[in-house]
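Q: Here is my input, please return the structure:
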Amino acid sequence: MPVKIRLQRHGKKGKPFYWIVAADARAKRDGKFLEKVGIYNPNTNPATIELNLDSAVKWLHNGAQPTDTARAILSYKGALLKQHLDGGVRKGALTQEQADAKLSQWLEEKASKVDSKKEGLTKAETEARAKALAAEKDVNEKRIAAAKAAEEAIKAEEATEEVAQAQEDAPEAPENTEETQA
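A: Here you go, the predicted structure:
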């Protein structure tokens, strides 16, 4: 029975979520599987991958062939490196302690790279939020200044209208008092 390590899709439309499974190659994509090896969620940044390393390596030792995407995930999490190191231990080129030390060193380096990427993403996100907030404050200040200027213009216009109205309402005084007396 040919076994493949592949992704089994779950989730809803537009929001995929995958199980990493060991399944018979003849089974349907989302059908029967032999063992669930891990999960893969591409919706997060960076993508969330949880993998049972020992189970994945066991299936690789038994001859399971990973699909291209599953191979990339297994490589990313160190399953292919562990399989390679186990082959060296079986041949006598390495001891188990040396292989474990190499694998743990590689995993630590990988974890530090992932952490630095996460820090970079959060830093970029906070900078973007700060820029957006500053731009929003500028727009609000301009809007408030424009509103104050409009209020001042309305008050000045009202004052000129009041002065004009007062001048119109004032009774006209005769210019020459002599003409009125004659």
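Q: for Ile20, helix, strand, or coil?
A: Secondary structure, DSSP: H, G, I helix; E, B strand; the rest coil: Ile20 is strand.
Q: How about it, nearest residue that isn't a chain neighbour?
A: Using Cβ to Cβ, 6 or more residues apart in numbering and skipping residues adjacent in sequence, the residue nearest Ile20 is Gly38, 4.2 Å away. Where you see a C-beta, it was placed from the backbone N, CA and C, and this is true even at glycine.
Q: Just list the residues touching the one you found, thanks.
A: Trp19, Ile20, Ile49, Glu50, Leu51, Asn52, Ala56, Ile73, Lys77 (Cβ atoms under 8 Å, 6 or more residues apart in numbering).
Q: which non-adjacent residue is nearest the third one?
A: Going back to what we said before, that points to Ile49. Closest to Ile49 by Cβ to Cβ, 6+ apart is Tyr40, at 5.3 Å.
Q: ok, that neighbour - how many residues close by?
A: As a burial measure, Tyr40 scores 21 neighbours (other Cβ atoms under 10 Å).
Q: what's the following helix or strand after whichever strand or helix holds it?
A: Assessed by DSSP states H and E, Tyr40 sits inside strand 35-41. Downstream of strand 35-41, the next assigned helix or strand under DSSP H and E is strand 48-51.
Q: returning to that earlier point: give me the beta-bridge partners of the residue nearest to Ile20?
A: Applying DSSP bridges to Gly38 yields these beta-bridge partners: Ile20, Leu51.
Q: Enumerate the strands of the chain by residue range, in sequence order.
A: Taking DSSP state E as the criterion, the chain contains strands spanning 3-12, 15-24, 35-41, 48-51, 65-66.
Q: Identify whichever of these lies nearest to Ala146.
A: With Cβ to Cβ, the closest approach to Ala146 among those belongs to strand 15-24: 43.1 Å.
Q: what's the closest one packed up against?
A: Packing contacts for strand 15-24, counted by 3 or more Cβ pairs under 8 Å, 6 or more residues apart in numbering; DSSP states H and E, involve strand 3-12, strand 35-41, helix 53-61.
Q: can you pull the buried residues of the last one?
A: Judged by neighbour count using 16 or more other Cβ atoms under 10 Å, the buried positions of helix 53-61 are Leu53, Ser55, Ala56, Val57, Lys58, Trp59, Leu60.
Q: middle-most residue in the chain, spatially?
A: Geometric centre of the chain, nearest residue: Asn45, 5.0 Å, by Cα atoms, centre = their mean.
Q: What values do phi and psi take at it?
A: Backbone geometry at Asn45, expressed as degrees, to the nearest 10, gives phi -130, psi 110.
Q: Leaving out chain neighbours, which residue sits closest to Gln96?
A: Per Cβ to Cβ, 6+ apart, closest to Gln96 is Val89, 5.5 Å.
Q: which residues of the protein score low on pLDDT?
A: Residues of the chain meeting the criterion pLDDT under 70: 171-182.
Q: Alright, I will stop here.
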